[in-house]
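A.B. asks: sequence plus predicted model, see below.
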Amino acid sequence: MIVPNFNPELNELYKLMRSHFGFLNWWPGDTKFEIFIGAILTQQTSWKNVEKAILALKKNNKLDLEKIIETKQDYLEKLIKPSGYYRQKAKRLKDICSIIKLNYGDLDSLFKLDKEELRAALLNMKGIGKETADSIILYAAEKPIFVIDAYTKRIMHRIYNIDENISYDTLQKYFEYKLKEDLTLYKDMHAQFVELGKNYCKKKPECTNCPLRSICNHYSRSYKQVKVN
DNA sequence: ACCCAGGTGGCCC
DNA sequence: GGGCCACATGGG
């Protein structure tokens, strides 16, 4: 197996984030279907906006595979409008739900596929790329797969100075090679990356109180420690 | 008035 | 296999 040429202590990294943020217990959502829809709606969109869209779907009794299929496109667009890209997302949601209904009957049946088959099936649907597919597999279908996102890449770049443009698959394989395969760990570690990315390791980083500053290459480069005698 | 957010698909080379 | 672009709202 080809892995990138770096060797961070991922368990130490996890412990530092975990002790700072606590166990995050992701993904928020009452049902598998809600998590599934949320994973698509949150693409390139803040979770606050997604919550509004999901609430609107709930209030109008549309948070359901069959209901999404039955709902007219323009009405669905109105409901999910706050989540952005709403025309695209409404069409894709309807198409995706139709395909699931047609090929598998319902979401649970789709989720009964084994991990690799499920991933291939999801990636075959327009509107679901690697990150969304893996988020659905991890948090809705609850099979251990490590989710990579822009935060994960940025944080790994800052801490260990790895290539910013490392491919999704390479970084994912790296995590899965280094970590023990554990559903709860995979779920929480991704959540920790997002939390760190939102609060500290942003595009404009706020390193001074970052929980990872003790191990961060970027921090040592940017904030040269002045030795006090 | 910018910049950013838990990406993706289409098109091009 | 990668680079560029459209897609769109709401919050800082």
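C.D. replies: Now that the structure is in, tell me what you want to look at.
A.B. asks: what about chain A, any weak spots by pLDDT?
C.D. replies: A:1-8, A:220, A:223-229 (pLDDT under 70).
A.B. asks: for stretch A:197-205, output the C-alpha coordinates as CSV.
C.D. replies: Presented in CSV, the C-alpha positions along stretch A:197-205 are these (Å, rounded to 0.1, in the frame of the first residue of the first chain):
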residue,chain,number,x,y,z
GLY,A,197,-11.4,23.8,11.4
LYS,A,198,-14.3,26.0,12.3
ASN,A,199,-12.9,27.4,15.5
TYR,A,200,-9.1,27.5,15.1
CYS,A,201,-7.5,26.1,12.0
LYS,A,202,-9.5,28.3,9.6
LYS,A,203,-8.3,29.9,6.4
LYS,A,204,-7.2,32.7,8.7
PRO,A,205,-5.9,30.6,11.5
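A.B. asks: and it with DNA strand C, contact?
C.D. replies: No - interface with DNA strand C: stretch A:197-205 contributes nothing (C-beta under 7 Å from any atom of the strand), its closest point being 10.4 Å away. (Each C-beta comes from the backbone N, C-alpha and C, glycine too.)
A.B. asks: continuing past the helix or strand harbouring A:Arg119, what's the next helix or strand?
C.D. replies: Element membership for A:Arg119 (DSSP states H and E) is helix A:115-123. Counting by DSSP H and E, the next helix or strand C-terminal to helix A:115-123 is helix A:130-135.
A.B. asks: which other helices and strands does that following helix contact?
C.D. replies: The helices and strands touching helix A:130-135, judged by 3 or more C-beta pairs under 8 Å, 6 or more residues apart in numbering; DSSP states H and E, are helix A:32-41, helix A:115-123, helix A:168-178.
A.B. asks: quick one on the thing from earlier: angle of the helix holding A:Arg119 against helix A:32-41?
C.D. replies: Between helix A:115-123 and helix A:32-41, the angle comes out at 60 degrees (axes from the mean of the first three to the mean of the last three C-alpha atoms, to 10 degrees).
A.B. asks: where does the closest residue to A:Tyr139 other than its chain neighbours sit: helix, strand or coil?
C.D. replies: Of all residues not flanking A:Tyr139 in the chain, A:Trp27 sits nearest, at 3.9 Å (C-beta to C-beta, 6 or more residues apart in numbering). Under DSSP: H, G, I helix; E, B strand; the rest coil, A:Trp27 falls in the coil class.
A.B. asks: would you confirm that A:Trp27 contacts A:Gly38?
C.D. replies: Yes - the criterion here is C-beta atoms under 8 Å, and A:Trp27 meets it with A:Gly38 at 6.9 Å.
A.B. asks: wait, does the helix or strand harbouring A:Lys52 contact DNA strand C?
C.D. replies: Assigned by DSSP H and E, A:Lys52 belongs to helix A:47-59. Yes - counting by C-beta under 7 Å from any atom of the strand, DNA strand C is contacted by helix A:47-59 at A:48-49, A:52.
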